[in-house]
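Visitor: what follows is a predicted protein model with its sequence.
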Protein chains: 2
Amino acid sequence: MNELEFINLVKRSSSAVAPYGEGIGDDCAVMPATNGRATVITTDMLAEGVHFRLSTAPAYAIGWKALAVNLSDVASMGVRPVASFMAISRPEGVPDRWYEEFMAGYSDLSVKFGVPLMGGDTTASGSGLTICVTAIGEGEAAHIKRRSAALPGDIVMTAGTLGDSAAGLSLAERGSSRYPHLLNAHLSPTPQVDEGQWLGSRNEVHAMTDISDGIAKDLMQICDMSGTGARVELTHLPLSDDLLHYCTEENIDPAAPAICGGEDFKLLFTVNEAEADKLTADFTARFGYAPSPIGRITSGCGIEWLRDGAAVNEKFAGYIHR
Amino acid sequence: MNELEFINLVKRSSSAVAPYGEGIGDDCAVMPATNGRATVITTDMLAEGVHFRLSTAPAYAIGWKALAVNLSDVASMGVRPVASFMAISRPEGVPDRWYEEFMAGYSDLSVKFGVPLMGGDTTASGSGLTICVTAIGEGEAAHIKRRSAALPGDIVMTAGTLGDSAAGLSLAERGSSRYPHLLNAHLSPTPQVDEGQWLGSRNEVHAMTDISDGIAKDLMQICDMSGTGARVELTHLPLSDDLLHYCTEENIDPAAPAICGGEDFKLLFTVNEAEADKLTADFTARFGYAPSPIGRITSGCGIEWLRDGAAVNEKFAGYIHR
């Protein structure tokens, strides 16, 4: 049973009980609002041998990232993370030092955004080490942003540069310590907690998600759930100087990691066209950098990729589509 | 690093950020109340090779129990479970049938108490199969019951019989299919969801928890957190006929599984003495069986075990203490 088949089994199995609020389908589940306030919940599991190797991955980074991916999911709903829970299965033979560094990474990110670790579970493991983090967010129900809310004509924006994490992964796999900015984007990504909450408070922001699988997949999810298409101008993708240097050296088109690379954990959102300039100015004043308009929501189907206004060739399009 | 050392590391690591509501220490964390309503959260992890073996444990029972232990934690807080989340790491080679039965068990318990599965995560596993379930409960903040609320003089009560699960585990390990009531208590325990919510609504109930590690440990936690002691009369422990038959056959003192056996998932609570008769009558009218008064909270320290009013001998006391 592959992942998609398993997910379909879970969906069938869970259809017998009506959801409490909004369930499977967005970055977080949304509990019914009480007094105009809503709670969102997300959970992610990291498995040794799949997401990390005990022998090579820095324990600090694993602890940081285990929490980061969940805080990013909460941020993408437009509300603030307020608590986390961490369950871990621990095999024999892992040195104390590993756990100390793991918890240091987890704790440092908790402190950075003031999100307390409120509980969890620990068990022995007869095989690998597995980590499961659950994060809770809370905020005004009216601020919740969904993937399904994009409208034709919306400007598609990202907050911050794309592709750094994918390049960092390549560097890490080769044991390289060059381009620390790229490595850090992969090992210890900073979830856009403040940006997410701020964007949640803005009515001109329609759909929002975080980029965990590359915009080719994450923007496609917004389109699928909104019943829209999108058009993306590749020359508008925000790319860091380090990524450009790295891609020149490696003879890679930098659009590839920016579009298909995973784990950027930057926010991807759509904005009412008439208010996009105002939102951009306010965002820039608040955060000291501008969000990047990378394209537009269309009434079509699927994503059109353009370079300087011309459709990109088939081969590239084939690579960047799901 | 053993489990206690790891838990202490987690507590140290999490002390840097003030909790959001009430964190580590009870069956669930409690989020701050909004409009008089509170949300509780708990998470539990089950690891292959520790909690179950793929080759021998019935997949249906694993799915059922993965949810049951979490619903029991919510019930023990005095509120109603409203949602669950399930994350799973899936190794290669597990037959489709296993996942179908696993989800059937999970789903049947979801339906039984109307608790929807609202989200989760699935990942490949390079080693064992690991399951992490998170449950959310919701109810009146004033109904929340804590381990720390026992008062000297309170009557200690349990809802339902004790020790069946421990005997069922012994039977299951021997591949026996005798005593289906005991086997079922181990494989598919029914969390006391309705009882928990009802007891939560009663002011005369002070402390409450669920019995996951045997009353020797779980009552001790109530005592430790309440700053009290307790006295338990062994002849008052509620024991099923099947357990009595089984223990006679096996030449076991039935008090041992009742006190030290894990995973009974029955509620353990303390009741204001003056109102205990009224509570017992109302509970019996509501649920069709009486809760069992097994002892009393004292102003002392630790648990005194009595048989017909006389202190039990040292050997037994040594066995049943932590």
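Guide: In hand now; what should we look at? In this text, all values refer to a predicted model and were calculated from it rather than measured experimentally. Residues are numbered from 1 along each chain as shown, chains lettered A, B, ... in the order given.

Visitor: contacting residues for the closest residue in space to A:Gly302 that isn't next to it in sequence?
Guide: Excluding the flanking residues, the one nearest A:Gly302 by Cβ to Cβ, 6 or more residues apart in numbering or on different chains is A:Gly229, at 5.5 Å. Bear in mind the C-beta positions are built from the backbone N, C-alpha and C, glycine included. A:Gly229 sits next to A:Cys223, A:Ile297, A:Thr298, A:Ser299, A:Gly300, A:Cys301, A:Gly302, A:Ile303, A:Glu304 when contact means Cβ atoms under 8 Å, 6 or more residues apart in numbering or on different chains.

Visitor: what do you get for A:Ser72?
Guide: Going by Cβ under 8 Å, 6+ apart, A:Ser72 touches A:Pro189, A:Pro191, A:Gln192, A:Gly196, A:Asp210, A:Ser212, A:Phe265.

Visitor: show me which of the residues you listed are buried.
Guide: Taking 16 or more other Cβ atoms under 10 Å in any protein chain shown as the criterion, what is buried in the contacts of A:Ser72 is A:Pro189, A:Pro191, A:Gln192, A:Gly196, A:Asp210, A:Ser212, A:Phe265.

Visitor: okay if I get the residues you listed as TSV plus pLDDT, secondary structure and distance to chain B?
Guide: Listed next are the buried ones among the contacts of A:Ser72 as TSV, based on pLDDT from 0 to 100; DSSP: H, G, I helix; E, B strand; the rest coil; distance: Cβ to the nearest Cβ, whole Å:
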residue	pLDDT	secondary structure	distance to chain B
A:Pro189	96	coil	18
A:Pro191	98	coil	15
A:Gln192	98	coil	19
A:Gly196	98	helix	17
A:Asp210	97	strand	15
A:Ser212	92	coil	11
A:Phe265	96	coil	16
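
Visitor: the residue in the stretch 51-200 of chain A positioned nearest to chain B and B:Met86, how far apart?
Guide: Closest residue of the stretch 51-200 of chain A to chain B, Cβ to the nearest Cβ: A:Gly126 (2.3 Å). Going from A:Gly126 to B:Met86 by Cβ to Cβ, to the nearest Å gives 20 Å.

Visitor: next one: A:Asn70
Guide: 15 Å.

Visitor: please apply the same query to A:Asp96.
Guide: A:Asp96 sits 31 Å away from B:Met86, taking Cβ to Cβ as the criterion.

Visitor: out of these two, which sits in the busier spot?
Guide: A count of neighbours by other Cβ atoms under 10 Å in any protein chain shown puts B:Met86 above the other of A:Asp96 and B:Met86, at 29 against 11.

Visitor: around the nearest residue to that one once chain neighbours are set aside, how many other residues sit close by?
Guide: Leaving aside its sequence neighbours, B:Met86 sits nearest to B:Gly120 (Cβ to Cβ, 6+ apart; 4.2 Å). Neighbourhood size, B:Gly120 [other Cβ under 10 Å]: 26.

Visitor: strand partners (parallel or antiparallel) of the host helix or strand of A:Val82?
Guide: Per DSSP states H and E, A:Val82 falls inside strand A:80-90. When pairing is defined by DSSP bridges, strand A:80-90 lines up against strand A:117-124 (parallel), strand A:130-140 (antiparallel).

Visitor: which one of those strands lies closest to B:Asp282?
Guide: Comparing the strands paired with strand A:80-90 against B:Asp282 with Cβ to Cβ, the closest turns out to be strand A:117-124 (32.1 Å).

Visitor: need the contact partners of that closest one.
Guide: With contacts defined as Cβ under 8 Å, 6+ apart, strand A:117-124 is touched by A:83-92, A:106-107, A:110, A:136, B:3, B:6-7, B:10, B:13-14, B:17, B:19-21, B:23-24, B:28-29, B:41-47, B:50-51, B:132.

Visitor: and stretch A:48-62, by the same measure?
Guide: By Cβ under 8 Å, 6+ apart, stretch A:48-62 touches A:46, A:94, A:97-102, A:104-105, A:108, A:128-131, A:187-188, B:89, B:123-127.

Visitor: hang on, the earlier thing: pLDDT score for the residue nearest to B:Met86?
Guide: For B:Gly120, the pLDDT comes out at 93.

Visitor: before we move on, what about A:Val40?
Guide: What the model reports for A:Val40 is a pLDDT of 97.

Visitor: hang on, it in a helix?
Guide: No - using DSSP: H, G, I helix; E, B strand; the rest coil, the assignment for A:Val40 is strand, not a helix.

Visitor: correct me if wrong: it contacts A:Val74.
Guide: Yes - taking Cβ atoms under 8 Å as the definition, A:Val40 is a contact partner of A:Val74 at 6.0 Å.

Visitor: what do these two both touch?
Guide: A:Cys28, A:Ile136, A:Gly137.

Visitor: what mean pLDDT does stretch A:92-103 get?
Guide: Averaged across stretch A:92-103, the pLDDT comes to 95.

Visitor: contacting residues around it?
Guide: Residues from elsewhere that reach stretch A:92-103 (Cβ under 8 Å, 6+ apart): A:54, A:58-60, A:62-63, A:90, A:124, A:129, B:1, B:5-6, B:9-10, B:13.

Visitor: what about 10 Å?
Guide: Outside stretch A:92-103, the residues within contact range by Cβ atoms under 10 Å, 6 or more residues apart in numbering or on different chains are A:48, A:54, A:58-64, A:66, A:86, A:88, A:90, A:110, A:117, A:124-126, A:129, A:131, B:1, B:5-6, B:9-10, B:12-14.

Visitor: and A:Met77, what does it touch?
Guide: Counted by Cβ under 10 Å, 6+ apart, A:Met77 has contacts A:26-30, A:38, A:40-42, A:137, A:139, A:143-147, A:196-197, A:200, A:208-210.
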